[in-house]
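> Kindly generate the corresponding structure for this input.
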Amino acid sequence: MSPKTLADVARMALAGDSFDRSLANFLDSFYARPIAEAWWEEPPGLSVTLGEVGHVQDAYLAATAEELANKYNLPAPVWARSPKRALRAPWFASSMRALRAVLLRESPPAFRARNLFVSENALSRV
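Prediction:
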């Protein structure tokens with residue numbers, strides 16, 4: 001099953017599927033048909049089951065919703081603004097210390113606001 005919503009991505013991760021692969025499949029579906037309904041349903045929290053990794057993924061889902069909403073001039077969901085969807089400590093997409101300055105500079109605003117530091121093309125698909 002290919003996820004059509006961010007809630008589907010979370011449910012698939014909770015069922016043991018790869019979060020990264022599920023998110024990539026969601027992005028393929030969204031880019032084919034960009035609609036706000038793709039994020040209206042609040043995704044189940046991943047941090048309760050998956051711990052710190054789940055907390056990062058919860059923040060990532062919120063950042064994805066907000067960033068896509070801004071890019072496509074669609075309304076962002078209220079759930080994405082929840083403080084539980086942000087990290088207290090910075091998280092970097094790479095463990096290489098040399099790349100941290102690049103990620104700090106490139107990270108899209110919705111990710112930076114949640115203390116997630118990713119590349120500028122984090123939501124790009126080839």
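
> So in the protein, which helix runs the longest?
helix 47-71 (DSSP state H).

> how about the strands in this protein?
91-92, 116-117 (DSSP state E).

> would you list the ones you listed in a markdown table and tack on mean neighbour count and distance to residue 29?
C-beta here means a position set from N, CA and C on the backbone, and glycine is covered the same way. Rendered in a markdown table, the data for the strands of the chain read as follows (neighbours: other CB atoms under 10 Å; distance: least, CB to CB, whole Å):
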| stretch | mean neighbour count | distance to residue 29 |
| --- | --- | --- |
| strand 91-92 | 18 | 26 |
| strand 116-117 | 24 | 22 |
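
> What residues sit buried inside the longest helix of the chain?
47, 50, 54-69 (16 or more other CB atoms under 10 Å).

> what bits of the protein have low per-residue confidence?
Within the chain, the set of residues satisfying pLDDT under 70 is empty.

> Alpha carbons of stretch 18-37, in CSV - could you do that?
The C-alpha coordinates for stretch 18-37 follow below in CSV (Å, rounded to 0.1, in the frame of the first residue of the first chain):
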residue,chain,number,x,y,z
SER,A,18,10.5,2.0,6.9
PHE,A,19,9.6,5.6,7.8
ASP,A,20,11.9,6.9,5.1
ARG,A,21,10.5,4.7,2.4
SER,A,22,6.9,5.4,3.4
LEU,A,23,7.5,9.1,3.4
ALA,A,24,9.2,9.0,0.0
ASN,A,25,6.2,7.1,-1.4
PHE,A,26,3.8,9.7,0.2
LEU,A,27,5.8,12.5,-1.5
ASP,A,28,5.5,10.7,-4.9
SER,A,29,1.8,10.5,-4.4
PHE,A,30,1.5,14.1,-3.1
TYR,A,31,3.5,15.6,-5.9
ALA,A,32,1.3,13.8,-8.5
ARG,A,33,-1.7,15.5,-6.8
PRO,A,34,-1.0,18.2,-4.2
ILE,A,35,-4.0,18.5,-1.9
ALA,A,36,-4.3,19.6,1.7
GLU,A,37,-6.3,16.5,2.6
